[in-house]
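In: Sequence first, predicted coordinates after that:
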Amino acid sequence: MAALRTTRRVVQRARLAAFVERLCARDVCSRSPGEPEVKAAGISKPQFMDKEVQNILGRITGLNLEKVFKPMKQQLKPPQYKLLTDEQLDGARHEAMEVAKERLRMPPVLDEREAICDVLAEDKILAGLETAKYVFTDITYDMPHRERFIVVREPNGVLRKATWDERDRMIQVYFPRDGRRIIPPPIFQDENLLVVFAQERFEDILDLCLVQFEPNSADYIRVHHQTYEYIDKHNKYDLLRSTRHFGGLVWYLSNRMRIDGLLIDMIQRDLMDDAVSVVQLYHMLHPECQSANETNVQQAKGIELIKVFSHTDSKKGSYLELALQVYQEAISSSADQDAQRKEQN
Amino acid sequence: MVHLSLNLLKYYHRGFVCIRFALGGCTNRPFYKIVAAHNKRARDGKYLEQLGSYDPMPNIFNEKLVSLNLDRVKYWLGCGAQMTKPVSKLLGLSGFFPLHPMTVTGAERFHKEQALKAQAASQEEPTSVSEDEQPIA
């Protein structure tokens, strides 16, 4: 009897997990992304979850296996040694890349959710009877958390729907999620964030933020924006490269037209293709800007694209041109050295 | 598990299913489970199903947390379960049921008492003021 009950629960949970995943995927795709301005109807603005945008961002993020699989705090297990043929080794490497891609899946970028202020009933008779509020949560198992009924009866007799903070707290009490705290830890306050930034632990704080908050909550957006601002101000783009947060960083900067620092950093690290992709993404997002028009006129590709951008729309045009010059000199000098060595040989 | 049919319960055992509070917690710290149980069972004894919980002590946000599995509550009500007064009052406060008449009556009595106290307090003030004046005069 008990075994039947447990198997029923297991099957229910599995079905629920699959159901919730499908619902999340559906809901994420139908939401609009986080952008500062809304375009007029008629021009379809590229969204964060578009295939092209995701391709570009995925390419830029890079796949540094050493960084993705860097040692994490885990239970101490003795290392496993396997004897593999070349083909099996390739297969294992391929699997590792698949797992790395799964870990690099970008979290969604959504607009901030609107506050709930729905009053269901006002019973003035109950005013003053109680000193504390009652929070009623519906704990029906087969229900997505977004549609759950969570109502609050205030001491003044008003029955209202719970605010987003109260909702998150109640759902965490009755349906706890691993790693999430009921009260957000004080590390997410502004003063403490500065300490974290000074220690340059952007990846850790963004991972914590992802676990603790919903993607469309005010706190999540605030923490992410502050992190991106700090990274942009201090040119620490490399710390987020090859993590799942890099796509969000690039999307944020491109929307606010501040990709100069990022481009300079990429050129200095010889990532020319990534830099070109970033400029292409910028043109996709702002099709009526000057550099986009110039590019269409001249049909520029590759380094030409970046040169056009540095002449027209960039704020640090001079620095960008300088970086490009240095890069081209480095290429030409290395080409000369190769030619000399070939002559000697 | 086999739920005894309503007729067997009603006519043979004179019993019925009840949705009520089962007390838990420890000294000076009550905690109630909202539970569907046969009415003849002990208050904290074997129950058919737990339908929720009620914490009467307010937390740091001054909230009393109540959880209700409304899907199952509807099932048991459909099966003919009875509710006790405190559970009915709680469901009335939540909005699932209309307000319990005793909640309204209790509120009216409370407000009447408050009005009487206020009146008594306001009547005491003039008399206390006049008492104060006498020694000076």
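Out: Received, thanks.
In: in which helix or strand would I find the most centrally placed residue in chain B?
Out: Residue closest to the average C-alpha location in chain B (C-alpha atoms, centre = their mean): residue B:86, at 2.9 Å. Following DSSP states H and E, the helix or strand that holds residue B:86 is helix B:85-94.
In: Which neighbouring elements make contact with that helix?
Out: Counting contacts by 3 or more C-beta pairs under 8 Å, 6 or more residues apart in numbering or on different chains; DSSP states H and E, helix B:85-94 packs against strand A:133-138, strand A:150-153, strand B:17-26, strand B:63-68, helix B:101-136. In short, each C-beta sits where N, CA and C put it, glycine included.
In: about what we covered before: contact partners for the nearest residue to the residue nearest to the centre of chain B once chain neighbours are set aside?
Out: Distances taken as C-beta to C-beta, 6 or more residues apart in numbering or on different chains put residue B:21 closest to residue B:86, at 6.0 Å, once the chain neighbours are dropped. Residue B:21 makes contacts with B:32-35, B:54, B:84, B:86-87, as judged by C-beta atoms under 8 Å, 6 or more residues apart in numbering or on different chains.
In: cool, residue A:120 as well?
Out: With C-beta under 8 Å, 6+ apart, residue A:120 has these contacts: A:151, A:159-161, B:95.
In: nearest to residue B:108, of those?
Out: Among the contacts of residue A:120, residue A:159 lies closest to residue B:108 (C-beta to C-beta), at 18.9 Å.
In: Enumerate residues external to stretch B:112-131 that contact any of its residues.
Out: Counting by C-beta under 8 Å, 6+ apart, stretch B:112-131 makes contact with residue A:128, all of which sit outside it.
In: Burial check on residue 61, number of neighbours?
Out: The chain I'm using is chain A. Using other C-beta atoms under 10 Å in any protein chain shown, residue A:61 is surrounded by 22 other residues.
In: meant chain B, my bad for not saying
Out: Burial of residue B:61, expressed as a neighbour count using other C-beta under 10 Å, amounts to 13.
In: does residue B:72 sit in a helix or strand, and which one?
Out: Using DSSP H and E, residue B:72 sits within helix B:70-78.
In: what's the spacing between that helix and its chain's center?
Out: Counting by C-alpha atoms, centre = their mean, to the nearest Å, helix B:70-78 is centred 19 Å from the centre of its parent chain.
In: quick revisit: adding mean pLDDT and distance to residue B:46, write the helices and strands packed on helix B:85-94 out as a markdown table.
Out: Supplementary listing: these in a markdown table, determined by pLDDT from 0 to 100; distance: least, C-beta to C-beta, whole Å:
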| stretch | mean pLDDT | distance to residue B:46 |
| --- | --- | --- |
| strand A:133-138 | 96 | 26 |
| strand A:150-153 | 95 | 31 |
| strand B:17-26 | 95 | 10 |
| strand B:63-68 | 96 | 21 |
| helix B:101-136 | 85 | 30 |
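In: Any chance of these in CSV with distance to residue A:67 as columns?
Out: Output for the helices and strands packed on helix B:85-94, formatted as CSV (distance: least, C-beta to C-beta, whole Å):
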stretch, distance to residue A:67
strand A:133-138, 41
strand A:150-153, 40
strand B:17-26, 49
strand B:63-68, 43
helix B:101-136, 61
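In: what's the closest of the ones you listed to residue A:195?
Out: strand B:63-68 (31.6 Å).
In: Would you mind listing what in chain B touches chain A?
Out: B:1, B:52, B:58, B:61-72, B:90, B:93-96, B:99, B:103-104, B:106-108, B:110-111, B:114 (C-beta under 8 Å from any C-beta of the partner chain).
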